[in-house]
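Asks: When you get a sec, could you give me coordinates for this:
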Amino acid sequence: MTQDKRIRVLLAKPGLDGHDQGAKVVVRAMMDAGFEVIYTGLRQTPEQVARIALEEDVDVIALSSLAGSHLPFCRKLKPLLEANRLTDKLWMIGGNLPAQDHGQLRELGFKGIFPTGSRLDAITNYIRENVQ
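Replies: So this is what the prediction gives:
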């Protein structure tokens, strides 16, 4: 990533998850770190996330999930991201993510996994280190 191009991050709230306070804190931390952040707001479908990621030409596709539907959502999102040739982007997810689900999330292509309570600087540093 060149110095003059800001990292563009899409942060989406999937499905019926109605809690976005934590996502807003993460958005603020990303903005403070110098990233350009597109926050979708609540109740996004996999199709909406893929479309916005493509239209906004983001470097990072991040999800914030607290409702427990992260695996079914990610299983639906992966083929849409692949179909839109977004596999070179950094895929991340944070929120209420039980440890037993981390392996499946990685297999689906979500390399950055940040359970509730993760440090904000850990998230922003991970993005800086892993954006191609």
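
Asks: alpha carbons only for contacts and neighbour counts from here, please
Replies: Will do.

Asks: Can you classify Arg85 as helix, strand or coil?
Replies: On the three-state scheme (DSSP: H, G, I helix; E, B strand; the rest coil), Arg85 is labelled coil.

Asks: Distance of Ala53 relative to Gln100?
Replies: 28 Å (C-alpha to C-alpha, to the nearest Å).

Asks: the more surrounded of these two?
Replies: Using other C-alpha atoms under 10 Å as the criterion, Ala53 and Gln100 rank with Ala53 on top: 25 against 8.

Asks: Could you list every helix and strand that whichever strand or helix holds the more buried one packs against?
Replies: Element membership for Ala53 (DSSP states H and E) is helix 46-56. If contacts are counted by 3 or more C-alpha pairs under 8 Å, 6 or more residues apart in numbering; DSSP states H and E, helix 46-56 sits against strand 8-12, helix 70-83.

Asks: Now do it against strand 8-12: the angle between them, please.
Replies: Per axes from the mean of the first three to the mean of the last three C-alpha atoms, to 10 degrees, the angle that helix 46-56 makes with strand 8-12 is 160 degrees.

Asks: just so I have it, where are all the strands in the protein?
Replies: 8-12, 36-39, 60-65, 90-95, 112-115 (DSSP state E).

Asks: among these, which is nearest His19?
Replies: Proximity to His19, assessed across the strands of the chain by C-alpha to C-alpha, is greatest for strand 60-65 (8.6 Å).

Asks: so how far is the closest one from its chain's centroid?
Replies: Offset of strand 60-65 from its chain centre (C-alpha atoms, centre = their mean, to the nearest Å): 2 Å.

Asks: List the neighbouring strands of that strand plus their orientation.
Replies: Neighbouring strands of strand 60-65 in its sheet, by DSSP bridges, are strand 8-12 (parallel), strand 90-95 (parallel).
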